[in-house]
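Student: Compute the structure for the input listed below.
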Amino acid sequence: ILEYEDIQSVLKFVRSREKPLVCYLFSNNAKLIDEVKKKVSAGTMDVNDCLMHMMVPTLPFGGVGHSGIGKYHGKATFDQFTHHKSVLHKPIGMESVNNLRYPPYSALIPLL
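Tutor: Just a heads-up that it's a prediction; the model follows:
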């Protein structure tokens, strides 16, 4: 817990270290909340609470950098451990198109 009188010194302190797992901010000042959201990189940010984020299954929880990699909770856990495989399937009969893709291009000069 950090007490402060100058938010800039707090932001400098937090940003000079590894990114935190969670940033907890207790304030009613909308401008301050917005500034901290924009300037502090953390896995999660809780404003005026310190536990409710775990009760919301659609709100992923996780770290950034040294505080952890990935997001977990609800669907985010499934997505984190699911490999989305990309597949390109080109019909074999289109190999003649490769003449346009790869050098030498000398055979194409008469077509220009």
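
Student: What sits closest to L32 if chain neighbours are left out?
Tutor: Distances taken as C-beta to C-beta, 6 or more residues apart in numbering put I7 closest to L32, at 6.3 Å, once the chain neighbours are dropped. (Each C-beta comes from the backbone N, C-alpha and C, glycine too.)

Student: That neighbour and D34 touch, don't they?
Tutor: No - under the criterion of C-beta atoms under 8 Å, I7 is not in contact with D34, lying 11.6 Å apart.

Student: At which residues are the helices of this protein located?
Tutor: Remark: helices assigned in the chain by DSSP state H are 7-15, 30-39, 75-80, 98-101.

Student: circling back: any idea how far the residue nearest to L32 lies from N28?
Tutor: Here the criterion is C-beta to C-beta, to the nearest Å. By it, I7 lies 14 Å from N28.

Student: Name the residue in those two with the higher neighbour count.
Tutor: When I7 and N28 are compared on other C-beta atoms under 10 Å, the one with more neighbours turns out to be I7, at 15 against 8.

Student: how close does the more buried one sit to N48?
Tutor: If you measure I7 against N48 using C-beta to C-beta, the figure is 16 Å.

Student: Count the neighbours of I109 for me.
Tutor: Neighbours of I109 under the rule other C-beta under 10 Å: 8.

Student: if I look at it, how far off is R101?
Tutor: Counting by C-beta to C-beta, the gap from I109 to R101 is 16 Å.

Student: which ones are touching E3?
Tutor: Under the criterion of C-beta atoms under 8 Å, 6 or more residues apart in numbering, E3 has no neighbours.

Student: can you tell which of the helices of the chain is closest to P57?
Tutor: Among these, helix 75-80 comes nearest to P57, with 7.6 Å by C-beta to C-beta.

Student: need the strands for this protein, in chain order.
Tutor: In the chain, strands defined by DSSP state E lie at 22-25, 44-47, listed in chain order.

Student: will you turn those strands into JSON lines that also has mean pLDDT, mean neighbour count and distance to F61?
Tutor: Listed next are those as JSON lines, based on pLDDT from 0 to 100; neighbours: other C-beta atoms under 10 Å; distance: least, C-beta to C-beta, whole Å:
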{"stretch": "strand 22-25", "mean pLDDT": "87", "mean neighbour count": "16", "distance to F61": "8"}
{"stretch": "strand 44-47", "mean pLDDT": "88", "mean neighbour count": "17", "distance to F61": "5"}
